[in-house]
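K.L.:
okay, here's the prediction I keep looking at, along with the sequence it came from:
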Amino acid sequence: MTSWTKMIVAAAVPLVVLAVPSPSSAQMALPDKCKADMATGQAMQMPEMQMGNMAEHQKAMMEGMREMHPAMMQGMMAKDPDVAFVCGMIAHHMGAISMSEVELKFGDDAEAKSMAEKIIDAQKKEIDEMTTWINEHAQ
């Protein structure tokens, strides 16, 4: 296991909720303008992780993180700092939705599930607002 992977696992495993793409989060994608204004030609990739001994919710969260980080880094590569910020935040919010969906699928606590539902609603609204901003401001 690489030191990068160990850092990711060490940061993620203590979390009670981890991310998994679901039909609703899988339908979300970075706006095309977040992908087109790249300073580099390649999206960054995270190393593959050993997940064999993890519980299902941990695997789901790690998979969501694996998908979110490259999208977030790609969005932040925009040449314009405002566009980079907003594009990175869209992907970050998509990750929060994925994490919340894992909580709804695997969690038992009613209060945690309620928090997850609120996060999903708030993050979707903010993604819509940020996507509108991107469509109006990004070239």
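P.N.:
Cool, got the structure. Owing to the predicted nature of the structure, the values given are computational and were not obtained by experimental measurement.

K.L.:
which residues are contacting the host helix or strand of Cys34?
P.N.:
Element membership for Cys34 (DSSP states H and E) is helix 32-36. For helix 32-36, the surrounding residues in contact (CB atoms under 8 Å, 6 or more residues apart in numbering) are 74-75, 78, 83, 86-87, 90-91, 134-135, 138-139. Where you see a C-beta, it was placed from the backbone N, CA and C, and this is true even at glycine.

K.L.:
now do the buried residues in it.
P.N.:
Of all the residues in helix 32-36, those buried under the rule 16 or more other CB atoms under 10 Å are 33-35.

K.L.:
can you say which of the contacts of helix 32-36 are buried?
P.N.:
Buried among those by 16+ other CB under 10 Å: 74-75, 78, 83, 86-87, 90-91, 134, 138.

K.L.:
export the contacts of helix 32-36 to TSV and tack on secondary structure, pLDDT and distance to Ile97?
P.N.:
As requested, those are exported to TSV (DSSP: H, G, I helix; E, B strand; the rest coil; pLDDT from 0 to 100; distance: CB to CB, whole Å):
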residue	secondary structure	pLDDT	distance to Ile97
Gln74	helix	90	18
Gly75	helix	89	15
Ala78	strand	91	22
Val83	helix	95	21
Val86	helix	96	17
Cys87	helix	94	16
Ile90	helix	95	11
Ala91	helix	94	11
Ile134	helix	96	18
Asn135	helix	95	20
Ala138	coil	91	22
Gln139	coil	84	27
